[in-house]
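J.: Got a predicted model here, sequence first, then my questions.
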Amino acid sequence: MNLKNGWYHFIALFVVTIWGITFASTKILLFAGLSPEDIFFCRFLLAYIGIWFFGKNRLFANTWRDEFLFLLLGMFGGSLYFLAENTALKYTFASNVSLIVCIAPLLTVVLTHFMLKSEKINVRIINGFILAFLGVGLVVFNGQVVLKLSPVGDFLSFSAALCWAFYTITLKRLDSTYNSLFITRKVFFYGLVTITPVFLFRSSTTDFEVFSQPVVWVNLLFLGLIASLFCFFAWNVVVKRLGVIRSANYIYINPLATLIASSVIIQEKITVMALAGAAFILIGVFWVEKGTPVKYFNRKIRIK
C-alpha cells in the first residue's frame, strides 16, 4: 500500500468513525421531538445548501440514463436507506438493526460479483469479511445477548443494508465520468426529492418549537455539514480510489466507533465480549487489505 493509497484508507477510517458517532446525535434529536424523516430532511437540506459554496454550479448529468442513476443514488444512499434504518428501530432492538445493517459489505461483495467485472473477489476477502462480521456481532451485543426476531424490523434493517450495497455499486458506475463533488450534490438533491412523499402521507406534523433548542441545531449542523456534506463527499472519493470491495470493508468499523462514542458520551460499559469483537473487526479489516496478519508479518521479516 503506497503512501497515497494510505491517505485514502485513513479518510475511509475517519468517515466511518464519524458515521458511528451519528447514532448518539440522532438519538438526541429523536428525544427532542423530531421524527426520522425530519432529521433526514434537515441534515440533507443543510448539506445541499452547503455544497453549493464549492465547485461549479452544473445542474444536469451528461445523459438521461446517468440522471436516472443519480436518482437511484439519492434513494439508495439517502431517503430509502435512512428511512428503513430509522423506522426499523421502532419495531426491533437497536442491536438487531446494527447487526443486520452491517451485512452491507457482504451484500456488496455478492452484488459486485454479478454486476461489476472490474472488482475481483477471492477467498481472502470473503474470510476477512466474515471474521469482521462476527466481530460486529460481539461489539453490538456488548455482553448483553438479546436477539429477538421481529419480521418487520429485521426486514427493514436488511433493506437498509441492501440499499447501501446498491448505492456503492451504482456510485462506481458514475465515478469515472463525474467528479465526486458533483456526484455528492446530486445525491443530496435526489435524497430530498424522494423523501418528500413521506411528508405528504404521514399523519403527524412537526412542532417547529423544537428548533428553538440550541442542542437541536448543534446536532443538526453536525449531521448536515460534517456527517453528510463532508463524509458523503469523502466516501465517494474513497470508493473511486479504493474500489467497491475495499471501501465497503471499512463499514465494519462503524459499530466499533459507536461503542467507543457511547462509552465516552453516555458512560456505557465496554465488556470483554466487546473488546474481543473489536479485535475480530480489526483483524478482519486487516485481512481484506493485506492478508492474514501472520503471513503479513512473516513477509515483513523476510524482507528485512
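T.: Here it is on my side, so go on.
J.: May I have the helix or strand encompassing A161 exported as CSV, CA atoms only?
T.: According to DSSP states H and E, A161 maps onto helix 151-174. What follows is helix 151-174 as a C-alpha-only set of coordinates in CSV (Å, rounded to 0.1, in the frame of the first residue of the first chain):
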residue,chain,number,x,y,z
PRO,A,151,-40.1,-9.7,10.9
VAL,A,152,-40.9,-6.1,10.2
GLY,A,153,-37.9,-4.5,11.9
ASP,A,154,-35.5,-7.1,10.7
PHE,A,155,-36.8,-6.8,7.1
LEU,A,156,-36.4,-3.0,7.2
SER,A,157,-32.8,-3.5,8.6
PHE,A,158,-32.0,-5.9,5.8
SER,A,159,-33.5,-3.4,3.3
ALA,A,160,-31.2,-0.7,4.6
ALA,A,161,-28.2,-2.9,4.2
LEU,A,162,-29.3,-3.8,0.6
CYS,A,163,-29.8,-0.1,-0.2
TRP,A,164,-26.3,0.8,0.9
ALA,A,165,-24.8,-2.1,-1.2
PHE,A,166,-26.7,-0.8,-4.3
TYR,A,167,-25.6,2.7,-3.5
THR,A,168,-21.9,1.8,-3.5
ILE,A,169,-22.2,-0.2,-6.7
THR,A,170,-24.2,2.4,-8.5
LEU,A,171,-21.7,5.0,-7.4
LYS,A,172,-18.9,3.0,-9.0
ARG,A,173,-20.8,3.2,-12.4
LEU,A,174,-20.6,7.0,-12.3
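J.: Use 389 as the first number for this chain going forward.
T.: Renumbered: residue one is now 389, and that last one reads helix 539-562.
J.: Who are the packing partners of the helix or strand following that helix?
T.: Downstream of helix 539-562, the first helix or strand assigned by DSSP H and E is helix 568-589. With contacts taken as 3 or more CB pairs under 8 Å, 6 or more residues apart in numbering; DSSP states H and E, helix 568-589 sits against helix 424-439, helix 452-462, helix 468-476, helix 619-630. All C-beta atoms are positioned from the backbone trio N, CA, C, and that covers glycine.
J.: Those helices: which one's closest to H501?
T.: helix 619-630 (16.9 Å; CB to CB).
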